[in-house]
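>>> what follows is a protein structure lacking sequence information:
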């Protein structure tokens with residue numbers, strides 16, 4: 001006797017997708033910044049698990065060796081950088097902006113960002129966003145922006161002068 005067939009499977013998939021939108025999406029909308037903050041804290045602590053995760057390795061893979069500078073960004077750098085950047089570019093509350101700026105400060109280390117921040121388009125976009133935040137936001141956000149920029153200067157130093165306009 002044949003199984004229920006593709007129609008039943010399609011119905012179940014549609015119901016599951018609807019349930020996912022109703023249950024998981026609101027959860028992730030409330031929790032993404034907490035996850036981003038946790039990742040930033042683990043990156044700052046140079047936790048072996050987060051180093052492996054940033055490189056796209058499994059949990060049972062040997063501990064990733066921490067390198068002070070890499071030529072290419074970590075495979076998961078763009079996703080986390082994009083989340084933090086989007087939070088800053090949108091109209092998020094100050095508390096979320098602070099978390100996003102702290103995450104960017106952690107992720108912009110050359111061990112994760114590699115030379116990606118030295119690309120003129122990405123660097124200019126980050127500076128334009130920083131300029132806008134400093135001109136329009138309160139003191140706490142301004143302070144976090146200056147910490148981010150100071151961290152970039154500390155990590156990249158003279159390499160920033162090599163960027164073509």
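Right, received. Where do you want to start? Being a predicted model, the structure only gives us computed values, none of them experimental.

>>> helix, strand, or coil at residue 72?
Under DSSP: H, G, I helix; E, B strand; the rest coil, residue 72 falls in the coil class.

>>> which element follows whichever helix in the chain runs longest toward the C-terminus?
With DSSP state H setting the assignment, residue counts place helix 6-44 as the longest helix in the chain. Proceeding N to C from helix 6-44, the next assigned helix or strand is helix 48-54, under DSSP states H and E.

>>> on contacts alone, who are the packing partners of whichever helix or strand comes after that next one?
The first helix or strand that comes after helix 48-54 along the chain, using DSSP H and E, is helix 77-89. Under the contact definition 3 or more C-beta pairs under 8 Å, 6 or more residues apart in numbering; DSSP states H and E, helix 77-89 sits against helix 6-44, helix 94-107, helix 110-113, helix 120-136. Any C-beta I mention is one placed from the backbone N, CA and C, and that applies to glycine too.

>>> what do you get if the cut-off is 6 Å, keeping everything else the same?
helix 94-107 (3 or more C-beta pairs under 6 Å, 6 or more residues apart in numbering; DSSP states H and E).

>>> buried sites along the helix it packs on?
96-107 (16 or more other C-beta atoms under 10 Å).

>>> just put these in a markdown table and tack on distance to residue 156 and pLDDT.
A markdown table is the format used below for the buried residues of helix 94-107 (distance: C-beta to C-beta, whole Å; pLDDT from 0 to 100):
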| residue | distance to residue 156 | pLDDT |
| --- | --- | --- |
| 96 | 26 | 89 |
| 97 | 23 | 91 |
| 98 | 23 | 93 |
| 99 | 23 | 91 |
| 100 | 20 | 93 |
| 101 | 17 | 94 |
| 102 | 18 | 93 |
| 103 | 18 | 92 |
| 104 | 14 | 93 |
| 105 | 13 | 93 |
| 106 | 15 | 90 |
| 107 | 13 | 89 |
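
>>> re the thing from before, pull the distance from the longest helix of the chain to the chain's centre.
Taking C-alpha atoms, centre = their mean, to the nearest Å, the mean C-alpha location of helix 6-44 is offset from the chain mean by 17 Å.

>>> ok, now stretch 114-121?
With C-alpha atoms, centre = their mean, you get 15 Å for stretch 114-121.

>>> okay, now residue 127: neighbour count?
12 (other C-beta atoms under 10 Å).

>>> mean confidence score for the longest helix of the chain?
Averaged across helix 6-44, the pLDDT comes to 74.

>>> kindly calculate the angle that it makes with helix 77-89.
Put simply, helix 6-44 runs at 80 degrees to helix 77-89, going by axes from the mean of the first three to the mean of the last three C-alpha atoms, to 10 degrees.
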